[in-house]
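Enquirer: sequence first, then the predicted structure:
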Amino acid sequence: MNVISRIHFLQTGSVKIDRALAYRERTFHPMPYTGWMRPASTRITVPVSAYLIEHSHGPVLIDTGWHSDIRKDQRRHLGFLASTMFQGSLPEGAAIHEQLAKIGLSELDLEAIVLTHLHADHVSGLKHVAGAKRIIVSELEIEAAQRSPGYTQTMWEGVKFDSFRPNSIPFGPYGLGLDLFGDESIFLVHTPGHSRGQLSVLAKMSGGWVLLASDVGYSSRSWREMILPGVADNREEAACSLRWVRDFTYSADCLGVYANHDPDILPMILEDEALVI
(Lines give C-alpha, C1' and ligand atoms only; values in the text may rest on other atoms or scores of the structure.)
Protein backbone atom coordinates (compact mmCIF):
# COMPACT_ATOMS: atom_id res chain seq x y z
CA MET A 1 0.00 0.00 0.00
CA ASN A 2 1.38 3.44 -0.92
CA VAL A 3 2.36 5.45 2.16
CA ILE A 4 2.82 8.86 0.51
CA SER A 5 -0.41 10.62 -0.32
CA ARG A 6 0.80 14.07 -1.42
CA ILE A 7 3.88 16.19 -1.98
CA HIS A 8 3.42 19.93 -1.55
CA PHE A 9 5.81 22.07 -3.59
CA LEU A 10 6.25 25.28 -1.61
CA GLN A 11 8.12 28.45 -2.53
CA THR A 12 9.58 30.18 0.51
CA GLY A 13 10.51 33.36 -1.31
CA SER A 14 13.23 33.82 -3.89
CA VAL A 15 16.89 34.73 -4.23
CA LYS A 16 18.67 37.04 -6.65
CA ILE A 17 22.00 35.58 -7.74
CA ASP A 18 24.52 35.88 -10.52
CA ARG A 19 23.66 33.44 -13.29
CA ALA A 20 27.16 31.95 -12.88
CA LEU A 21 26.18 30.71 -9.43
CA ALA A 22 23.48 28.59 -11.03
CA TYR A 23 25.27 27.69 -14.27
CA ARG A 24 29.07 27.45 -14.26
CA GLU A 25 30.69 29.78 -16.78
CA ARG A 26 34.05 29.77 -18.46
CA THR A 27 35.34 33.28 -18.00
CA PHE A 28 38.45 35.23 -17.07
CA HIS A 29 36.64 36.43 -13.96
CA PRO A 30 38.12 34.43 -11.04
CA MET A 31 34.83 34.10 -9.13
CA PRO A 32 31.90 35.00 -11.39
CA TYR A 33 29.42 33.26 -9.10
CA THR A 34 29.91 36.05 -6.52
CA GLY A 35 28.50 38.65 -8.89
CA TRP A 36 31.26 41.01 -7.81
CA MET A 37 32.29 43.43 -10.58
CA ARG A 38 29.75 41.83 -12.90
CA PRO A 39 27.03 43.78 -14.75
CA ALA A 40 23.47 43.82 -13.43
CA SER A 41 22.44 41.97 -16.59
CA THR A 42 24.03 38.78 -15.22
CA ARG A 43 21.64 38.71 -12.25
CA ILE A 44 18.73 36.30 -12.20
CA THR A 45 15.98 35.65 -9.65
CA VAL A 46 15.11 32.06 -8.79
CA PRO A 47 12.67 30.50 -6.31
CA VAL A 48 13.71 29.04 -2.97
CA SER A 49 11.75 25.82 -2.60
CA ALA A 50 10.77 23.54 0.25
CA TYR A 51 8.62 20.40 0.10
CA LEU A 52 6.13 18.82 2.45
CA ILE A 53 5.62 15.08 2.02
CA GLU A 54 2.40 13.72 3.52
CA HIS A 55 3.44 10.27 4.75
CA SER A 56 1.59 7.70 6.80
CA HIS A 57 4.33 7.99 9.47
CA GLY A 58 3.70 11.74 9.63
CA PRO A 59 4.57 14.86 7.64
CA VAL A 60 8.14 15.16 6.37
CA LEU A 61 9.52 18.59 5.49
CA ILE A 62 12.37 18.90 3.01
CA ASP A 63 14.40 22.10 3.61
CA THR A 64 13.14 25.25 5.30
CA GLY A 65 13.75 28.22 2.98
CA TRP A 66 14.23 31.73 4.33
CA HIS A 67 13.72 32.87 7.91
CA SER A 68 11.49 35.92 8.40
CA ASP A 69 14.58 37.81 9.64
CA ILE A 70 15.49 38.17 5.96
CA ARG A 71 12.71 40.77 5.75
CA LYS A 72 14.16 42.95 8.50
CA ASP A 73 17.97 42.83 8.43
CA GLN A 74 19.33 40.71 5.62
CA ARG A 75 22.96 41.61 6.15
CA ARG A 76 22.85 40.60 9.80
CA HIS A 77 21.03 37.35 9.07
CA LEU A 78 23.21 36.23 6.16
CA GLY A 79 26.48 37.83 7.17
CA PHE A 80 28.19 40.66 5.33
CA LEU A 81 30.04 38.59 2.71
CA ALA A 82 27.06 36.45 1.72
CA SER A 83 24.79 39.48 1.53
CA THR A 84 27.06 40.98 -1.13
CA MET A 85 26.73 37.83 -3.27
CA PHE A 86 22.99 37.17 -3.17
CA GLN A 87 19.81 38.81 -1.91
CA GLY A 88 16.83 36.96 -0.56
CA SER A 89 13.20 37.97 -0.73
CA LEU A 90 10.43 36.61 1.49
CA PRO A 91 6.88 37.97 1.05
CA GLU A 92 4.53 38.05 4.02
CA GLY A 93 2.97 34.63 4.50
CA ALA A 94 5.70 32.77 2.61
CA ALA A 95 7.94 31.71 5.51
CA ILE A 96 7.82 27.99 6.14
CA HIS A 97 5.90 28.18 9.45
CA GLU A 98 3.39 30.54 7.84
CA GLN A 99 2.82 28.14 4.96
CA LEU A 100 2.50 25.14 7.25
CA ALA A 101 -0.13 27.01 9.26
CA LYS A 102 -2.18 27.47 6.09
CA ILE A 103 -2.16 23.68 5.68
CA GLY A 104 -3.17 23.26 9.32
CA LEU A 105 0.21 22.10 10.65
CA SER A 106 2.70 23.36 13.20
CA GLU A 107 6.34 22.42 13.78
CA LEU A 108 5.22 19.94 16.45
CA ASP A 109 3.28 17.97 13.83
CA LEU A 110 6.38 17.31 11.71
CA GLU A 111 7.67 13.76 11.94
CA ALA A 112 10.96 14.83 10.40
CA ILE A 113 12.76 17.67 8.68
CA VAL A 114 15.35 16.67 6.11
CA LEU A 115 17.99 19.29 5.34
CA THR A 116 19.43 18.49 1.95
CA HIS A 117 22.45 20.62 2.84
CA LEU A 118 23.29 23.51 5.12
CA HIS A 119 23.58 26.43 2.71
CA ALA A 120 21.66 29.49 3.86
CA ASP A 121 18.73 29.29 1.44
CA HIS A 122 17.97 25.73 2.57
CA VAL A 123 18.44 26.09 6.33
CA SER A 124 17.71 29.76 7.09
CA GLY A 125 14.13 29.07 8.24
CA LEU A 126 15.04 26.12 10.46
CA LYS A 127 14.39 27.87 13.77
CA HIS A 128 10.79 28.52 12.69
CA VAL A 129 10.21 24.74 12.78
CA ALA A 130 12.89 23.46 15.16
CA GLY A 131 10.26 21.72 17.30
CA ALA A 132 9.97 18.87 14.78
CA LYS A 133 10.51 15.36 16.14
CA ARG A 134 13.69 14.81 14.08
CA ILE A 135 15.96 17.13 12.11
CA ILE A 136 18.01 15.02 9.76
CA VAL A 137 21.23 15.96 7.99
CA SER A 138 24.24 14.06 6.71
CA GLU A 139 27.23 13.90 9.05
CA LEU A 140 29.39 14.72 6.04
CA GLU A 141 27.57 18.04 5.65
CA ILE A 142 27.98 18.92 9.33
CA GLU A 143 31.70 18.21 9.06
CA ALA A 144 31.96 20.40 5.96
CA ALA A 145 30.08 23.25 7.66
CA GLN A 146 32.44 23.17 10.62
CA ARG A 147 35.50 23.81 8.45
CA SER A 148 34.19 26.03 5.67
CA PRO A 149 33.44 29.78 5.78
CA GLY A 150 30.65 29.26 3.23
CA TYR A 151 28.12 28.35 5.94
CA THR A 152 26.24 30.48 8.48
CA GLN A 153 26.27 28.32 11.60
CA THR A 154 24.11 30.71 13.61
CA MET A 155 21.17 29.49 11.51
CA TRP A 156 21.20 26.16 13.37
CA GLU A 157 22.83 27.22 16.62
CA GLY A 158 21.12 25.42 19.51
CA VAL A 159 19.24 23.05 17.20
CA LYS A 160 19.73 19.32 17.79
CA PHE A 161 20.47 17.37 14.62
CA ASP A 162 19.72 13.70 14.06
CA SER A 163 22.72 13.08 11.82
CA PHE A 164 23.67 9.95 9.93
CA ARG A 165 26.57 8.50 7.99
CA PRO A 166 25.44 7.50 4.48
CA ASN A 167 25.15 3.74 4.10
CA SER A 168 24.31 1.36 1.28
CA ILE A 169 21.05 1.98 -0.61
CA PRO A 170 19.98 0.89 -4.12
CA PHE A 171 20.06 4.42 -5.57
CA GLY A 172 22.39 7.29 -6.27
CA PRO A 173 25.70 7.98 -7.96
CA TYR A 174 27.55 6.20 -5.15
CA GLY A 175 24.82 3.86 -3.85
CA LEU A 176 24.87 5.64 -0.49
CA GLY A 177 22.24 7.37 1.62
CA LEU A 178 19.49 6.48 4.08
CA ASP A 179 16.17 4.63 3.92
CA LEU A 180 14.37 7.18 6.09
CA PHE A 181 11.64 4.96 7.56
CA GLY A 182 13.10 1.56 6.70
CA ASP A 183 10.21 0.80 4.34
CA GLU A 184 11.72 1.99 1.02
CA SER A 185 9.20 4.81 0.72
CA ILE A 186 11.67 7.70 1.12
CA PHE A 187 15.36 7.47 0.35
CA LEU A 188 17.82 10.22 1.21
CA VAL A 189 20.38 9.90 -1.59
CA HIS A 190 24.00 10.99 -1.18
CA THR A 191 24.56 13.32 -4.14
CA PRO A 192 27.69 15.29 -3.25
CA GLY A 193 29.56 17.86 -5.27
CA HIS A 194 27.73 21.15 -4.78
CA SER A 195 28.36 20.52 -1.09
CA ARG A 196 30.14 17.65 0.63
CA GLY A 197 27.08 16.09 2.22
CA GLN A 198 24.30 17.16 -0.12
CA LEU A 199 21.26 14.91 -0.22
CA SER A 200 18.58 14.42 -2.85
CA VAL A 201 15.24 12.87 -1.87
CA LEU A 202 13.48 9.98 -3.61
CA ALA A 203 9.80 9.68 -2.68
CA LYS A 204 7.81 6.60 -3.77
CA MET A 205 4.29 7.18 -5.03
CA SER A 206 1.92 4.64 -6.54
CA GLY A 207 3.14 5.21 -10.10
CA GLY A 208 6.86 5.47 -9.41
CA TRP A 209 9.48 7.78 -7.96
CA VAL A 210 9.62 11.54 -7.52
CA LEU A 211 13.17 12.88 -7.27
CA LEU A 212 13.76 16.14 -5.40
CA ALA A 213 17.27 16.90 -6.62
CA SER A 214 18.13 19.82 -4.33
CA ASP A 215 21.03 21.80 -5.89
CA VAL A 216 22.62 18.99 -7.89
CA GLY A 217 21.45 21.23 -10.73
CA TYR A 218 19.61 24.55 -10.60
CA SER A 219 16.97 23.58 -13.19
CA SER A 220 16.21 20.85 -15.71
CA ARG A 221 18.53 22.72 -18.07
CA SER A 222 21.40 21.72 -15.78
CA TRP A 223 21.10 17.99 -16.46
CA ARG A 224 19.90 18.37 -20.05
CA GLU A 225 23.04 20.32 -20.91
CA MET A 226 25.25 18.95 -18.11
CA ILE A 227 26.00 22.37 -16.61
CA LEU A 228 27.37 22.18 -13.09
CA PRO A 229 26.46 24.70 -10.39
CA GLY A 230 28.89 27.59 -10.17
CA VAL A 231 29.88 26.59 -6.63
CA ALA A 232 31.12 23.05 -6.10
CA ASP A 233 32.90 21.49 -3.15
CA ASN A 234 34.18 18.83 -5.55
CA ARG A 235 33.72 19.25 -9.29
CA GLU A 236 34.21 15.56 -10.12
CA GLU A 237 31.58 14.49 -7.58
CA ALA A 238 29.25 17.26 -8.77
CA ALA A 239 29.49 15.92 -12.33
CA CYS A 240 28.88 12.35 -11.13
CA SER A 241 25.79 13.40 -9.18
CA LEU A 242 24.46 15.42 -12.11
CA ARG A 243 24.92 12.48 -14.50
CA TRP A 244 22.97 10.26 -12.11
CA VAL A 245 20.10 12.77 -12.00
CA ARG A 246 20.12 13.02 -15.79
CA ASP A 247 20.06 9.24 -16.17
CA PHE A 248 17.29 8.90 -13.58
CA THR A 249 15.01 11.10 -15.67
CA TYR A 250 14.97 8.29 -18.26
CA SER A 251 13.94 5.61 -15.74
CA ALA A 252 10.65 3.93 -16.59
CA ASP A 253 9.39 4.50 -13.04
CA CYS A 254 10.45 8.16 -12.80
CA LEU A 255 7.44 10.45 -12.29
CA GLY A 256 9.46 13.65 -12.27
CA VAL A 257 12.74 15.26 -11.28
CA TYR A 258 12.70 18.68 -9.62
CA ALA A 259 15.50 21.12 -8.82
CA ASN A 260 15.10 23.41 -5.84
CA HIS A 261 15.63 26.65 -7.76
CA ASP A 262 13.98 25.85 -11.09
CA PRO A 263 11.92 28.94 -12.11
CA ASP A 264 9.65 26.74 -14.23
CA ILE A 265 8.37 24.85 -11.17
CA LEU A 266 5.38 26.60 -9.60
CA PRO A 267 3.78 25.90 -6.21
CA MET A 268 1.65 22.80 -6.61
CA ILE A 269 0.50 19.58 -5.01
CA LEU A 270 1.47 16.23 -6.47
CA GLU A 271 -0.78 13.37 -5.43
CA ASP A 272 -0.46 9.90 -6.85
CA GLU A 273 -0.59 10.47 -10.61
CA ALA A 274 -2.68 13.67 -10.51
CA LEU A 275 -1.33 17.19 -10.39
CA VAL A 276 -3.49 19.63 -8.47
CA ILE A 277 -2.62 23.32 -8.74
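Expert: Perfect, I can see it now.
Enquirer: tell me the secondary structure for the residue nearest in space to the middle of the chain?
Expert: What sits nearest the mean C-alpha location of the chain, by C-alpha atoms, centre = their mean, is Ser214, with 3.8 Å. Here Ser214 is recorded as coil under DSSP: H, G, I helix; E, B strand; the rest coil.
Enquirer: contacts only, for the residue nearest to it when sequence neighbours are not counted.
Expert: The shortest distance from Ser214 to any non-neighbouring residue, by C-beta to C-beta, 6 or more residues apart in numbering, is to Thr116 (3.9 Å). (Glycine included, C-beta is placed from N, CA and C.) By C-beta atoms under 8 Å, 6 or more residues apart in numbering, the contact set of Thr116 is 62-63, 122, 198-201, 212, 214-215, 260.
Enquirer: downstream of the longest helix along the chain, the next helix or strand is which one?
Expert: Taking DSSP state H as the criterion, the chain has its longest helix at helix 235-248. On the C-terminal side of helix 235-248, the nearest following helix or strand under DSSP states H and E is strand 254-258.
Enquirer: and that next one, what does it pack onto?
Expert: Contacts defined by 3 or more C-beta pairs under 8 Å, 6 or more residues apart in numbering; DSSP states H and E place strand 254-258 against strand 208-212, helix 235-248.
Enquirer: below-threshold pLDDT in the stretch 1-150 of the chain: ranges please.
Expert: Scanning the stretch 1-150 of the chain for pLDDT under 70 picks out 1-2.
Enquirer: the residue nearest to the centre of the chain touches Gln198, doesn't it?
Expert: Yes: in this structure, Ser214 is within contact of Gln198 by C-beta atoms under 8 Å, at 5.8 Å.
Enquirer: common neighbours of those two, please.
Expert: With C-beta under 8 Å, 6+ apart as the test, Ser214 and Gln198 both reach 116-117, 191.
Enquirer: let me know the closest of these to Gln87.
Expert: Nearest to Gln87 out of these is His117 (C-beta to C-beta; 20.1 Å).
Enquirer: so the closest one: helix, strand or coil?
Expert: Secondary structure state of His117, per three-state DSSP, is coil.
Enquirer: show the contacting residues for it.
Expert: 123, 137-138, 141, 194-195, 197-199, 214-215.
Enquirer: now Thr84: how far from Leu255?
Expert: Between Thr84 and Leu255 the distance is 39 Å, computed by C-beta to C-beta, to the nearest Å.
Enquirer: more neighbours, the two?
Expert: Leu255 (18 against 13; other C-beta atoms under 10 Å).
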